[in-house]
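> what would the 3D arrangement of this be:
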Amino acid sequence: WSGGSGFGSWNQMGSVPAARFTPSSGDGTITATVTVTGTGACSAVSVSDQRQIVWHTAPVITSVAVTDASNCAGDNGVIGIYATGDGPLDYSINNGSTYTDTSNFYWNVSIGSYNVVVRDVNGCTTAYSGNAVAVGGPSPVTATVTVTGQNICAGGIDGEITISGFSSTGSGAPFEVSLE
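Model (predicted):
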């Protein structure tokens, strides 16, 4: 092998003439010359071939910002992905199953967990080290219901239903109560 010095490492793969090139970090280009020379009676026969190997640095995800859903339906969260790399960049919040190239923001995201991946123009991908990203939201409304005088007589007013302890993260007063 020639041409591999200082750019990465070569690894001979078994007895069949195969090798793997592992590039060093950063972008780069190398021209590798492969020469195969026969042994024994064929030692005078050799074949040479040159190939150019180009490698690229994968995108770097610098941060992911999450805004939890604020409505009761839990479907207005936001995920913002900040990354650098050979552009344009494509963004995914479903582990690379699909990508969007229109924005690094996902709007109207439902409550749940998402796996962020970024892909550059060369097809190199990077998964976010903080996966899975969680989009939260308001908790459901809770209340305590107390019933007294459950055995009431027709026409009487000797029973009572008390509702207290309303709480919810993200949903404030006023609360509506109905009796059906």
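> for Phe166, which three-state class applies?
strand (DSSP: H, G, I helix; E, B strand; the rest coil).
> how close does it get to Ser97?
41 Å (Cβ to Cβ, to the nearest Å). Just so you know, the C-beta spots here come from the backbone N, C-alpha and C atoms, and that holds for glycine as well.
> who has more neighbours out of these two?
The neighbour comparison of Phe166 against Ser97 (other Cβ atoms under 10 Å) goes to Phe166, with 15 against 9.
> roughly how far apart are that one and Thr142?
7 Å.
> how about the contacts made by Tyr106?
Under the criterion of Cβ atoms under 8 Å, 6 or more residues apart in numbering, the neighbours of Tyr106 are Val78, Ile79, Gly80, Ile81, Tyr91, Ile93, Thr100.
> ok, what's across the strand from it?
Beta-bridge pairing for Tyr106 (DSSP bridges): Ile79.
> quick check: the gap between it and Phe166.
33 Å.
> how about the contacts made by Asn94?
Tyr114, Asn115.
> strands of this protein, residue ranges please.
Counting by DSSP state E, the chain has strands at residues 8-12, 19-23, 28-37, 46-55, 60-67, 77-84, 90-92, 105-109, 112-114, 117-119, 125-127, 133-135, 142-148, 160-167.
> what residues of the fourth one count as buried?
The one in question is strand 46-55. Trp55 (16 or more other Cβ atoms under 10 Å).
> name the helices or strands packed onto that strand?
Packing contacts for strand 46-55, counted by 3 or more Cβ pairs under 8 Å, 6 or more residues apart in numbering; DSSP states H and E, involve strand 19-23, strand 28-37.
> hey, least reliable of these by pLDDT?
Among these, strand 19-23 has the lowest mean pLDDT, at a mean of 64.
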